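Engineer: when you get a sec, could you give me coordinates for this:
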Amino acid sequence: MALKSTIHKVELQISDIGRHYYETHNLTLAQHPSETTERMMIRLAAYAWHASEMLTFTKCLSEVSEPDLWVKNYTDDILLWIDIGQPDDDRLRRASAKAEQVVMYDFHSSNDVWWQGIQSKLTRFANLSVYQVPHEQSHELSLLAARNMRLQCTVDHDDMWLTGEVNNQTRDAHLTRVKLMGA
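Structural biologist: Below you'll find the predicted structure:
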């Protein structure tokens, strides 16, 4: 018997100062059985950094030909492809060929080793941006996870502050995305 995804309901209030984007999003996040809470919350943070009415979560881990999030236009062209983790250069090459813009977020503590092994293979992709979220910060973010979340999110360019209530206690997380490559 296959394990089912865990469903998380999220009310995410976003105040993005740099983009002048102020919206509340009611989201349903499906956490794949093989996905860690930390990875799921980085998906949510990536959503907040790129929020728009066209941005959607995909089947991601269940469908290898899809990113974690994307923006598609009305003719099904992929405008934005967002991957989480440490994909190989072949996946990023295919994504760069399919989408106008590709953004990748890594949060693993082994980032330096992965990045040294792949960096030179990615320089030819002009539409690719690679970010790192420090592992300590992504772990802090994972402590905000619950089946039902109400999160307030303030974004100022590469910094993000999230506040939520977990077990009747207010918790905060601060994330800084560090650009490793890209325009």
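Engineer: drop to CA atoms for contacts and neighbour counts, all remaining ones
Structural biologist: Noted.
Engineer: where does residue 32 land on pLDDT?
Structural biologist: Here, the pLDDT recorded for residue 32 equals 89.
Engineer: tell me how far the nearest residue to it once chain neighbours are set aside lies from residue 44.
Structural biologist: Nearest non-adjacent residue to residue 32, counting by C-alpha to C-alpha, 6 or more residues apart in numbering: residue 5, 4.6 Å away. Distance of residue 5 to residue 44, given as C-alpha to C-alpha, to the nearest Å: 16 Å.
Engineer: could you pull out the strands for this protein?
Structural biologist: All strands of the chain, identified by DSSP state E, fall at 6-16, 21-31, 55-57, 69-72, 78-84, 99-106, 128-132, 148-156, 159-166, 169-176, 178-181.
Engineer: redo those strands as JSON lines? Include mean neighbour count.
Structural biologist: Formatted as JSON lines, the strands of the chain follow (neighbours: other C-alpha atoms under 10 Å):
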{"stretch": "strand 6-16", "mean neighbour count": "18"}
{"stretch": "strand 21-31", "mean neighbour count": "15"}
{"stretch": "strand 55-57", "mean neighbour count": "17"}
{"stretch": "strand 69-72", "mean neighbour count": "22"}
{"stretch": "strand 78-84", "mean neighbour count": "21"}
{"stretch": "strand 99-106", "mean neighbour count": "22"}
{"stretch": "strand 128-132", "mean neighbour count": "21"}
{"stretch": "strand 148-156", "mean neighbour count": "19"}
{"stretch": "strand 159-166", "mean neighbour count": "18"}
{"stretch": "strand 169-176", "mean neighbour count": "16"}
{"stretch": "strand 178-181", "mean neighbour count": "14"}
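Engineer: turn the ones you listed into a markdown table, including distance to residue 140.
Structural biologist: Listed next are those as a markdown table, based on distance: least, C-alpha to C-alpha, whole Å:
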| stretch | distance to residue 140 |
| --- | --- |
| strand 6-16 | 17 |
| strand 21-31 | 18 |
| strand 55-57 | 22 |
| strand 69-72 | 22 |
| strand 78-84 | 17 |
| strand 99-106 | 15 |
| strand 128-132 | 15 |
| strand 148-156 | 14 |
| strand 159-166 | 10 |
| strand 169-176 | 6 |
| strand 178-181 | 17 |
